[in-house]
Structures are given as structure tokens and as C-alpha cells.
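Trainee: build me a structure from this.
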Amino acid sequence: MKRRTVWVLAGIGVLVGIVQPHRLWCSADPVLDREASGRLLGSLSCPASPSIDERLGELATDRVYALRGYRHVRAPMERGETLGHILASAGVSPPESAAFCEALRPVFDPRRARDGDPYEVLVGPEGRIRQFRYEVNPAEVYEARLSGDAWTVERLDIPVERRREAVSGRLAGSLYASIVAAGADADLVMSFIELFRWDVDFAKEAQEDDEFRVVYERLYAQGRPFGNGRILAASYRDSEEEHVALYYKSRRADGYYDLKGQNLKKSFLKSPLKFSHISSGFSLARRHPILDVVRPHRGVDYAAPAGTPVRSVADGRIEEAGWKGGAGINVTIGHALGYESFYNHLASLPKGMRRGRVVRQGDLIGYVGSTGLSTGPHLDFRIRRAGAWVNPLKEKFLASDPVPAAEAQAYREWARAWQDRLDAIAPPAAVVARR
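Mentor: Predicted structure coming up:
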């Protein structure tokens, strides 16, 4: 049941009440404790937003609409609802609804409607949509108005404010859960992992008490947060070293660099999976779990749920894609400098995966499975250089261009200032001395 704002007029006075029907509309009088009463009536005694004047203005407007035969609906989208559903509930005929959705499509695709998004629709007495407003988020708002016999649809220009915020903490459990517990959302966690994907294999290297610090932009519109901007600075400190990423932009540079000005972006990713753990490493003498013979295992096994996306670790061209004996469904990619990468035991391949196709670093190339000689869902990942197998976890790959030499000194001074700021963001426990 949707929550509605209900207005009650009594005599010459106005009693304004905000009720939750599933709690208050019952045969017996509701009994509220002091805390509940404060929550219910607090907006009446405080000039909060929206104010009493605004509420009365809405009331008056709705009353005028009702007297003129208009239907005015304000509510959030519910689970399973579509734009067609809410228009039908507002008394719009199917042909009118279809024509309106078609008029919206060039500016706002109705299929983007999601549960929880607030909308407002005004329908005239003849069943025509006069006004429509839809909010994807506080910064993305669409309005449509009837002008003559056609609708004018536009996206409103909502100012966006970028506020600098920070989170920090220590690992206690998974990296994902630890960063979320520190106050981040899922998008920030993924951005943090992507930032260090060339240098840190979180599946192998993340340990209890490792420290993380992030300074980032939080986006606000209409006074409400709605997402994240760019990570400005971040660090990940384990028992051996500290990884630092700083966003730097000049006329000749744009990207993330470490404290010395080296580009974080490398020619190869550290891992083909975002979330997993290593179940078997590179070895020249490993007992095969199915064949029960000792033989080399020239790759790294990443245990992960079936269906986990697998990405290409570098730019390249597909050399093989399909069934390959004991390797099951395989993708083999050729890269620059004589490198090849192998992805074995995949469950399936995305459409278009075929020999000769060019892929970019990070592109989806398959899904974790258990095809071929495999005892369970995992990815057998291998790298070969100039025909010789190498350990993917120990191979050193080339980085992209560093900060230009002419800017190096100024950059290092700027980076030291950022390092001090990161050090000042103490994790919840005691501050750890800078190494």
C-alpha cells in the first residue's frame, strides 16, 4: 500500500495530519507513544521542508483540481509498476497512454522507470495528460506538458553540488563489507577496487587489519545526496606496503598516479575477476584433482560462483573461443609484446566471442563455470610470454606514461600534501604510524 499525504478540513480551522494508512486507518483509535507522536506531529510545529505554507498550497491546489474534475496523483513507483500502469490508474485510456509514452521516448525512455522513483501526473477531466513529472534522482528530473495537441518534454537543469567526503577503516571480513561498514555505498567500493586493479589482487592479498582511506566527491542536488563523483585520493595499506592513488589532471596528463608520479594503469590487470579467491596457484608439480597424477599447473585457479563475469586482462585479439578438451570452454587472447592469456573452464561466452575479435582491457569475455576437467566452478587463468608460461601473480607489466617530466617536481610536492591528508584520516581504531 502506498503512503499518501492526507489533508483534513475542519470548520474554519485547518487540521493538517500526515498519516500512514497501514498504521492509523483501523477500527480502533490508534495509541501512539511519545516518540511516535513526535515523529508524526513534528512537522506541524517546526518550519521543516516542506513548510506548512507549502503543504497548504498543495492542499489548495489539489482542491481546485478536484473541483474542476482533474485527477492529480503524487506517489513513488511501486515494485512491478510501469508507466502504463500508473497512467491507467489515473484514468488515462490505453491509446492516450501509448501515445504519451511514445512522445516521452526521445527524452526519457519509460522502460527506465524503477520502483521508488517519485512521479506526479495531472489528468484533465477528458482523460488527457496535462502535466507529468518524473524523478530518476534529485539531479535527473523530467517534465512533460500538454501544449495544444502535443506534449512538450524536457529534462530540467538541476544544479549539482560536489562535496568532498572521506571514509576510512580496517578490514574485518571481506573488503566489500568493511568499506560499506565504514560508510561507503556499493558504487564507491567498486570504484575503489577498480582504481587499484592493476596493482592489488584483492582476492589474494587482502588480509585482516589492512587499512583503506578514500577521499571522494559526493553528489548533491536539491539538498539531497544521489551518487558519487570522482575518487580524488585513496590508499590501501597492507602489512608490506602502501598503495596510493591520486587523481591528477593537467594539460598533458589526466589519470591516477602514485606518489612518485607513476601511472597506475598498467598494460595488464592484476586479476581477471573482481571478487574471488585463489584455490590453487602456479606450480610445476601439482597433483591433478581428477586425473590423480602429479604434473605442472601453469596457471592460477580463481574459485568463484558459476556465472561470475570474466574480463580480459589486457587489450588484444581473440585467438580461440570455444571448446578445448580438458580446458572446457576456453578463450585465448593474443596481446602485445608476445603475451597470450588463457581463460579455461568457462560456463559460456557472450554473444560475438569469436576468433579475430578485438577486445579491450576489462571487456567481458565469458562467465565462470566448471566445463572440461573441473571439480567445481572456478577460472583457470594462465599467461604465456613468447611461448613460455609465466606466473600471472609475479609477472611485472609495463605501466602507461607517468606524469610529464616538466611537471614532476610540482607533482611530487602536491602528492606529499595529499599523503598528509590521507594520513590524517584515521581508521576507526588507533592511528597507525606512517611507514
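Trainee: what's the local residue count around Ser250?
Mentor: 12 (other C-beta atoms under 10 Å). Quick note: C-beta positions are derived from backbone N, CA and C, even for glycine.
Trainee: surely it meets Ala408?
Mentor: No. Counting by C-beta atoms under 8 Å, Ser250 stays clear of Ala408, with 11.3 Å between them.
Trainee: quick check: bridge partners of Phe381?
Mentor: When assigned by DSSP bridges, Phe381 has beta-bridge partners Val300, Tyr343.
Trainee: show the contacting residues for it.
Mentor: Applying C-beta atoms under 8 Å, 6 or more residues apart in numbering to Phe381 gives the contacts Ser271, Pro272, Gly299, Val300, Asp301, Tyr302, Ser341, Phe342, Tyr343, Asn344, Pro392.
Trainee: now pLDDT, neighbour count and distance to His85 too, for those residues, in CSV please.
Mentor: Shown next, in CSV, are the contacts of Phe381 (pLDDT from 0 to 100; neighbours: other C-beta atoms under 10 Å; distance: C-beta to C-beta, whole Å):
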residue, pLDDT, neighbour count, distance to His85
Ser271, 86, 26, 43
Pro272, 91, 24, 42
Gly299, 84, 24, 51
Val300, 87, 25, 49
Asp301, 89, 23, 48
Tyr302, 89, 25, 43
Ser341, 96, 24, 47
Phe342, 96, 21, 49
Tyr343, 97, 27, 43
Asn344, 95, 26, 46
Pro392, 85, 24, 50
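Trainee: any chance of those residues in JSON lines, plus distance to Trp151?
Mentor: Supplementary listing: the contacts of Phe381 in JSON lines, determined by distance: C-beta to C-beta, whole Å:
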{"residue": "Ser271", "distance to Trp151": "49"}
{"residue": "Pro272", "distance to Trp151": "48"}
{"residue": "Gly299", "distance to Trp151": "58"}
{"residue": "Val300", "distance to Trp151": "57"}
{"residue": "Asp301", "distance to Trp151": "57"}
{"residue": "Tyr302", "distance to Trp151": "52"}
{"residue": "Ser341", "distance to Trp151": "52"}
{"residue": "Phe342", "distance to Trp151": "55"}
{"residue": "Tyr343", "distance to Trp151": "49"}
{"residue": "Asn344", "distance to Trp151": "54"}
{"residue": "Pro392", "distance to Trp151": "56"}
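Trainee: between these, which is closest to Pro404?
Mentor: Nearest to Pro404 among the contacts of Phe381: Ser271, at 29.9 Å, using C-beta to C-beta.
Trainee: now do the same contact list for the closest one.
Mentor: Arg197, Asp201, Phe202, Ala203, Lys204, Tyr302, Val313, Phe381.
Trainee: now do the helix or strand containing Asp420, average pLDDT.
Mentor: Here Asp420 is covered by helix 408-424, with elements defined by DSSP states H and E. Averaged across helix 408-424, the pLDDT comes to 94.
Trainee: now do the buried residues in it.
Mentor: Going by neighbour count (16 or more other C-beta atoms under 10 Å), the buried part of helix 408-424 is Tyr411, Ala415, Trp418, Gln419, Leu422.
Trainee: surely Gly307 touches Val368?
Mentor: Yes. Counting by C-beta under 8 Å, Gly307 touches Val368, with 6.4 Å between them.
Trainee: spatially central residue in the chain, please.
Mentor: In the chain, the centroid-proximal residue (C-alpha atoms, centre = their mean) is Asp187; its distance is 3.4 Å.
Trainee: so that residue, which of the three states?
Mentor: Of the three states, Asp187 takes helix under DSSP: H, G, I helix; E, B strand; the rest coil.
Trainee: ok, Gly307 and Val368, which is more surrounded?
Mentor: Under the neighbour definition other C-beta under 10 Å, Gly307 and Val368 were set side by side, and Val368 has more, 24 against 11.
Trainee: secondary structure element for that one?
Mentor: Per DSSP H and E: strand 364-368 holds Val368.
Trainee: hey, where'd the helices end up in the stretch 101-250 of the chain?
Mentor: Remark: helices assigned in the stretch 101-250 of the chain by DSSP state H, counting those that start in this stretch are 175-181, 186-195, 202-205.
Trainee: now for the last one, which elements pack on it?
Mentor: Other helices and strands packing on helix 202-205, by 3 or more C-beta pairs under 8 Å, 6 or more residues apart in numbering; DSSP states H and E, are strand 277-280.
Trainee: what do you get for the first one?
Mentor: Judged by 3+ C-beta pairs under 8 Å, 6+ apart, the packing partners of helix 175-181 are strand 161-170, helix 186-195, strand 211-221.
Trainee: so for that helix, what's the average pLDDT?
Mentor: Helix 175-181 comes out at a mean pLDDT of 90.
Trainee: let's see it as CSV, backbone CA atoms only.
Mentor: The C-alpha atoms that make up helix 175-181 are tabulated as CSV, following Å, rounded to 0.1, in the frame of the first residue of the first chain:
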residue,chain,number,x,y,z
LEU,A,175,36.9,-5.9,1.7
TYR,A,176,33.4,-5.1,0.3
ALA,A,177,31.7,-5.4,3.7
SER,A,178,34.5,-3.5,5.5
ILE,A,179,34.3,-0.5,3.2
VAL,A,180,30.5,-0.4,3.3
ALA,A,181,30.6,-0.6,7.1
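Trainee: check which residues of it are buried.
Mentor: Leu175, Tyr176, Ser178, Ile179, Val180.
Trainee: for the residues you listed, which one is nearest Ala90?
Mentor: Nearest to Ala90, judged by C-beta to C-beta, of the buried residues of helix 175-181 is Val180 at 38.5 Å.
Trainee: what residues are up against the closest one?
Mentor: Ala186, Val189.
Trainee: what does Tyr411 give?
Mentor: Tyr411 sits next to Tyr248, Tyr257, Gly261, Val403 when contact means C-beta under 8 Å, 6+ apart.
Trainee: what's the answer for Ile231, then?
Mentor: Per C-beta under 8 Å, 6+ apart, neighbours of Ile231: Leu188, Ser191, Phe192, Leu195, Val214, Val215, Tyr216, Glu217, Ala245, Tyr247.
Trainee: now these as JSON lines including pLDDT, neighbour count and distance to Leu83?
Mentor: JSON lines is the format used below for the contacts of Ile231 (pLDDT from 0 to 100; neighbours: other C-beta under 10 Å; distance: C-beta to C-beta, whole Å):
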{"residue": "Leu188", "pLDDT": "94", "neighbour count": "22", "distance to Leu83": "31"}
{"residue": "Ser191", "pLDDT": "93", "neighbour count": "18", "distance to Leu83": "31"}
{"residue": "Phe192", "pLDDT": "94", "neighbour count": "24", "distance to Leu83": "35"}
{"residue": "Leu195", "pLDDT": "92", "neighbour count": "19", "distance to Leu83": "37"}
{"residue": "Val214", "pLDDT": "95", "neighbour count": "28", "distance to Leu83": "37"}
{"residue": "Val215", "pLDDT": "96", "neighbour count": "20", "distance to Leu83": "39"}
{"residue": "Tyr216", "pLDDT": "96", "neighbour count": "22", "distance to Leu83": "34"}
{"residue": "Glu217", "pLDDT": "96", "neighbour count": "18", "distance to Leu83": "32"}
{"residue": "Ala245", "pLDDT": "96", "neighbour count": "24", "distance to Leu83": "41"}
{"residue": "Tyr247", "pLDDT": "97", "neighbour count": "18", "distance to Leu83": "39"}
